[in-house]
Every structure is written in C-alpha cells, then in structure tokens.
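[1] Need a 3D model of the following:
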Amino acid sequence: MANNFNYYAPTEVIFGRDAELETGKHLKKLGASHVLLVYGTSSASRLGLLDKIKTVLTEEGLAVSELGGIVPNPRLCKVYEGIRIGKENQIDFLLAIGGGSAIDTAKAIAYGLAEPEHDVWELFARSRTAKKCLPIACILTIAAAGSETSNSCVITNEQTGEKRGYGNNLARPKFAVMNPAYTLSLPAYQTQSGCVDIMMHTMERYFTNSGNMEITDAIAEALLRTVMKNAVILRDDPDNYDARAEIMWAGSLAHNDLTGCGNDGGDFMTHKLEHEMGGMFDVTHGAGLAAIWPSWARYVYRDCLPRFVRFARNVMEITISESDVEIAEAGISAMEQFYRCIGMPTNLRELGITPSDQQILEMADRCMAACGSRTGSAKKLKALDAVIIYQNALG
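    Alright, predicted model coming up:
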C-alpha cells in the first residue's frame with residue numbers, strides 16, 4: 001500500500017540549445033544584484049561558457065564575483081573560501097556552473113552565508129538544522145548528480161576524510177539551465193559514471209520494503225530503461241545530442257523525488273557505502289556506485305525479493321521461468337554485465353582500490369555513524385553487514 005507523501009519540486013527548468021542566454025534575465029527577475037559564480041577547474045572556461053555567462057549577467061546590470069577550482073567530491077575548504085568571498089562582497093545569489101560538485105558547493109556556501117554565526121559543517125555533521133539559505137541557481141554541464149533539482153548536497157571534509165550529505169528544501173535551486181550541448185565534450189568515463197549515478201538515484205528509491213505505487217514504479221522502470229539505452233548510444237556515438245538530452249533530463253527526474261513518491265523514502269545504503277569510499281579514496285562517485293552495487297544487491301536481495309524479481313523482469317528483461325531467487329540473481333548479473341559494457345567497474349579492484357581490513361572497518365563504522373536512524377529499506381544493515389559488503393566487493 002502506498003505511503004502518504006508530499007511532493008515538492010519548485011525548480012524552474014530552462015532546457016535546450018542556447019538556454020544559458022536566459023540566465024541573466026531570470027536572475028534579475030528573482031531580485032539578484034551581486035552573484036557569486038561557483039565552477040570547476042577547467043570545463044566552464046574551456047567551453048567558453050564562463051565568459052558567456054559573465055557577459056550575460058553584466059548586460060543585466062548584475063555584479064559578479066567568482067569561486068573557481070571546485071573538484072569532484074567537493075571539499076569543505078572551498079565552501080569556507082566561498083563563504084569568505086560572499087561576506088566580503090555582500091553576495092545575495094549563487095550561480096553554480098558545472099555538475100553536482102559545483103552545485104553542492106554552492107548550496108553549502110548559501111547555507112553558510114545565510115547563517116554566518118554558525119559553522120556550516122554542523123549541518124553535515126547533523127548537529128543542527130538549517131533555518132535559512134541564500135537563493136541558488138545553476139547551469140548544468142554534467143548529467144549525473146541531479147543536484148540541479150534536488151534538496152541535497154554532499155561535501156567532503158578533507159581534514160577528517162568524512163563525506164557527508166545534507167538535505168533541506170531551502171537549498172532547492174530557483175532555476176536550472178540545461179543545455180545538453182555542454183555535455184558533448186565530457187570524457188566517456190565521466191559520461192558513463194554520470195549515467196550510473198542517475199540510475200542509482202532511481203534504484204535507491206525502487207528497492208524498498210514498505211509502500212509502493214504502480215505509477216511511481218512504472219516511471220522509475222521507464223527512466224532506468226531509457227538511461228541504459230542512451231548510455232549505450234553514447235558509448236558508441238558520444239556526439240549524439242538527442243541521447244545527451246535524454247540523459248540530462250533523466251538526471252533531474254531521478255533525484256527530484258518523483259521516482260520515490262509513495263514509498264518509504266528509499267534505501268540509499270549503496271550511496272552511503274560509496275560515500276565512505278569517496279571520502280577515503282577520492283574515487284569517482286558513479287564508478288564507485290557501480291563497484292559496490294553488485295555486492296550490496298547480492299547481500300540484500302532475499303530480504304527484498306519481490307522488488308528484485310520485478311526489477312529483473314521489467315528493467316533487465318529477464319524472461320527465464322525459474323524460481324524467484326534465480327530470477328532475481330539473473331537480474332543482478334544482467335545489471336553487472338551492463339556496467340561492464342559501458343566501461344564501469346563491478347568491484348573495488350576494478351575501481352582501482354584495495355582497502356585493508358582496517359580501512360574496511362573504518363569505512364563501515366563511519367557509514368553507520370552517518371546513517372543515524374536510517375540504515376536501509378531493502379534490508380536493515382549494521383556495521384558488520386557493511387563490512388561483509390565491502391569485503392565481498394573486493395572482487
């Protein structure tokens with residue numbers, strides 16, 4: 001039976017070729033006067049997008065400050081730097097240019113500027129709840145994280161090695177500009193890692209043991225099939241604009257809570273297990289998810305068997321007439337094969353890491369500490385379960 005739910009998706013989406021040219025107009029309409037641009041290390045400049053946006057904003061009479069150099073698994077030190085720049089320049093709006101790392105950094109800075117009397121890391125450490133947040137918008141250049149329409153952000157504390165997420169509707173972007181043409185230059189590995197992340201945002205909400213809706217399941221299954229189809233197209237034809245557009249829109253739908261309406265909030269343990277890998281080893285997020293998911297799935301599927309059977313039938317197109325256990329196992333193997341066919345790892349060694357027993361114990365303990373009271377829906381996990389999943393994922 002479906003759970004009660006509230007669905008809130010306030011972000012305006014401006015999608016298509018040359019959509020970025022409307023950015024200044026939308027910022028002005030929302031009352032911005034001094035905008036902090038938050039972007040990565042090279043792509044925004046290399047693509048000419050950064051200069052184009054600065055021109056568009058200047059033409060609207062907006063003042064502009066900049067924070068560049070955001071890296072994957074975005075660092076707390078850059079958040080603090082952005083807060084300092086924001087205070088010095090009386091920033092009243094943040095505009096992220098890039099993917100999830102830039103957007104998540106902008107969200108964290110927006111929290112810090114809105115409540116300067118507090119340390120923003122307290123939000124990620126779950127020692128307090130945000131009361132205010134400066135407005136945020138984004139120009140998406142990487143389809144992956146879904147942060148452009150979600151309420152969540154993930155930051156790595158480089159001093160402690162902790163990678164932690166925080167979610168609050170205060171940080172949902174006011175608008176998101178999506179021009180798929182800006183993803184055409186992405187390396188294949190980054191493109192396919194993004195596809196995995198998009199799929200996992202949906203799968204985290206799909207493998208649940210409490211409450212489901214037929215329409216939500218159908219949307220989730222269609223999204224997964226669409227991403228898989230277009231990931232293969234982009235493997236063979238990386239310049240395919242239409243496939244890029246499908247993937248970019250899927251990324252937003254996968255993480256704006258649409259694919260979880262009516263369920264119990266989702267599982268999200270694969271993400272939490274991977275966050276500890278990212279915090280300790282700085283791995284590419286989507287590739288890390290691909291490397292840990294098969295181990296997680298094989299560990300939990302018997303406790304969530306009907307969902308894994310449905311996934312095998314409706315997403316992976318498994319047609320064998322065998323037991324439910326065999327059908328579920330075939331679905332997991334088929335997903336593993338899909339990861340391989342798009343160049344993604346399926347275990348930790350293929351990912352390029354071989355954590356020691358002590359490192360595995362540390363990741364498991366940190367994972368449980370980060371979970372708080374939520375430790376999965378497909379199967380409730382404890383620290384020992386996390387250890388076994390990491391060990392089984394070594395390959």
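[2] who's in contact with Asp89?
    Quick fix: residue 89 reads Asn, not Asp. Applying CB atoms under 8 Å, 6 or more residues apart in numbering to Asn89 gives the contacts 34, 36, 63, 65. Quick note: C-beta positions are derived from backbone N, CA and C, even for glycine.
[3] Ignore what I typed, I meant Gly395.
    346-350.
[4] and it, what pLDDT?
    You'll see Gly395 listed with a pLDDT of 89.
[5] helix or strand for Val38, which one?
    With elements taken from DSSP states H and E, the one containing Val38 is strand 34-40.
[6] on that earlier part again, who wins on neighbours among the contacts of Asn89?
    Ranked by neighbour count (other CB atoms under 10 Å), the contacts of Asn89 have Leu36 at the top, with 26 neighbours.
[7] Find the nearest non-adjacent residue to that one, please.
    In space, and not counting its chain neighbours, Leu36 is closest to Ile91: 4.4 Å by CB to CB, 6 or more residues apart in numbering.
[8] for Ser33, same thing?
    Counting by CB to CB, 6+ apart, the residue nearest Ser33 is Asp92, at 5.7 Å.
[9] Okay, Cys261 and Tyr299: tell me how far apart.
    According to CB to CB, to the nearest Å, Cys261 and Tyr299 sit 27 Å apart.
[10] ok so, going back, I would like the residues contacting the strand holding Val38, please.
    Looking at what lies outside strand 34-40 - CB under 8 Å, 6+ apart - the contacts are 27, 45, 50, 53-54, 57, 62-71, 82, 85-86, 89-99, 101-103, 105-106, 109.
[11] Can you select the buried ones among those residues for me in ChimeraX?
    Here is the ChimeraX command that selects the buried residues among the contacts of strand 34-40 (16 or more other CB atoms under 10 Å):
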select :27,50,53,54,57,62,64,65,67,68,70,82,85,86,91,92,93,94,95,96,97,98,99,101,102,103,105,106,109
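[12] Which ones among the contacts of strand 34-40 lie within helices?
    Per DSSP state H, helices hold the following members of the contacts of strand 34-40: 27, 45, 50, 53-54, 57, 82, 85-86, 89, 101-103, 105-106, 109.
[13] Look up phi and psi at the closest residue in space to Glu158 that isn't next to it in sequence.
    Leaving aside its sequence neighbours, Glu158 sits nearest to Arg75 (CB to CB, 6+ apart; 5.0 Å). Main-chain dihedrals, Arg75, degrees, to the nearest 10: phi -100, psi 150.
[14] and Arg75, what does it touch?
    Going by CB under 8 Å, 6+ apart, the list of residues near Arg75 reads 155-156, 158.
[15] what's the closest of those to Glu214?
    Ile155 (36.7 Å; CB to CB).
[16] From Lys78, how far out is that closest one?
    Distance check for Ile155 against Lys78: by CB to CB, it reads 9 Å.
[17] anything in contact with each of the two?
    Residues touching both Ile155 and Lys78 (CB under 8 Å, 6+ apart) are Thr105.
[18] can you give me how far the longest helix that the chain contains is from the chain middle?
    Counting residues, the longest helix found in the chain (DSSP H) is helix 214-236. Offset of helix 214-236 from its chain centre (CA atoms, centre = their mean, to the nearest Å): 16 Å.
[19] buried set for it?
    Across helix 214-236, burial judged by 16+ other CB under 10 Å covers 216-217, 219-224, 226-228, 230-235.
[20] Leaving out sequence neighbours, find the closest residue to the residue nearest to the spatial centre of the chain.
    For the chain, the residue nearest the mean C-alpha position is Ala145 (2.7 Å; CA atoms, centre = their mean). Distance criterion CB to CB, 6+ apart; nearest residue to Ala145, sequence neighbours excluded, is Gly100 at 2.5 Å.
[21] before we move on, what about Leu381?
    Thr375 (5.0 Å).
[22] list the contacts for the one you found?
    The contact partners of Thr375, by CB under 8 Å, 6+ apart, come to 269, 368, 381-382.
[23] By neighbours, which of these wins?
    Using other CB under 10 Å as the neighbour test, these are led by Met269, with 27 neighbours.
[24] List the contacts of that residue.
    If you count contacts by CB under 8 Å, 6+ apart, then Met269 has 296, 300, 371, 375-376, 378, 381 around it.
[25] Got phi/psi on it?
    According to degrees, to the nearest 10, Met269 has phi -80, psi -30.
[26] Let me know the pLDDT of it.
    At Met269, the predicted lDDT confidence score is 97.
[27] Is the residue nearest to Leu381 in a helix, a strand, or coil?
    Using DSSP: H, G, I helix; E, B strand; the rest coil, the structure places Thr375 in coil.
[28] Tell me which helix or strand Ala2 sits in.
    Assigned by DSSP H and E, Ala2 falls within no helix or strand.
[29] burial of the closest residue in space to it that isn't next to it in sequence, as a residue count?
    Setting aside the residues directly before and after it, Ala2 is nearest to Gly262 in space (CB to CB, 6+ apart), at 3.8 Å. By other CB under 10 Å, 18 other residues sit near Gly262.
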